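1. with the sequence up front, the predicted model follows.
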Amino acid sequence: MADKGPKIGDLLVQAGMIDQMQLRTALGHQKRWGGKIGKVVVDLGFIDEEVMLRFQEDDPDAQLAQDGSEAQQGHA
């Protein structure tokens, strides 16, 4: 599948909101159970839901990235 731009997990790491280990954990959870990575990092307790929503509102790349599932885009 073609690369569709930045992935929200990578954007969260770049913003310092989660670290690489948390991203790998979230991607593993997503691969096994499904769901969007933004919800997974919230469900796992890595970031607060309000913080995630604000991040998505403030970062247009995050809005675009949330449209697709990272595990389905080959980012596992």
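-> Right, received. Where do you want to start? Residues are numbered from 1 along each chain as shown.

2. what segments of the chain are helices?
-> 8-14, 20-33, 37-43, 49-58, 60-65 (DSSP state H).

3. packing partners of the second one?
-> When contacts are defined as 3 or more Cβ pairs under 8 Å, 6 or more residues apart in numbering; DSSP states H and E, helix 20-33 sits against helix 8-14, helix 37-43. Every C-beta, even on glycine, is put in place using the N, C-alpha and C of the backbone.

4. rewinding a little: TSV for the helices of the chain, including mean neighbour count?
-> TSV is the format used below for the helices of the chain (neighbours: other Cβ atoms under 10 Å):
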stretch	mean neighbour count
helix 8-14	20
helix 20-33	16
helix 37-43	21
helix 49-58	14
helix 60-65	16
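
5. now the end-to-end length of stretch 10-24.
-> One end of stretch 10-24 to the other measures 10 Å (Cα to Cα, to the nearest Å).

6. what sits against Met52?
-> Shown in contact with Met52 (Cβ atoms under 8 Å, 6 or more residues apart in numbering): 38, 41-42.

7. 10 Å - rerun?
-> By Cβ atoms under 10 Å, 6 or more residues apart in numbering, the contact set of Met52 is 8, 12, 17, 38-39, 41-42, 46, 62, 66.

8. among the helices and strands packed on helix 20-33, which comes closest to Val51?
-> helix 37-43 (8.6 Å; Cβ to Cβ).
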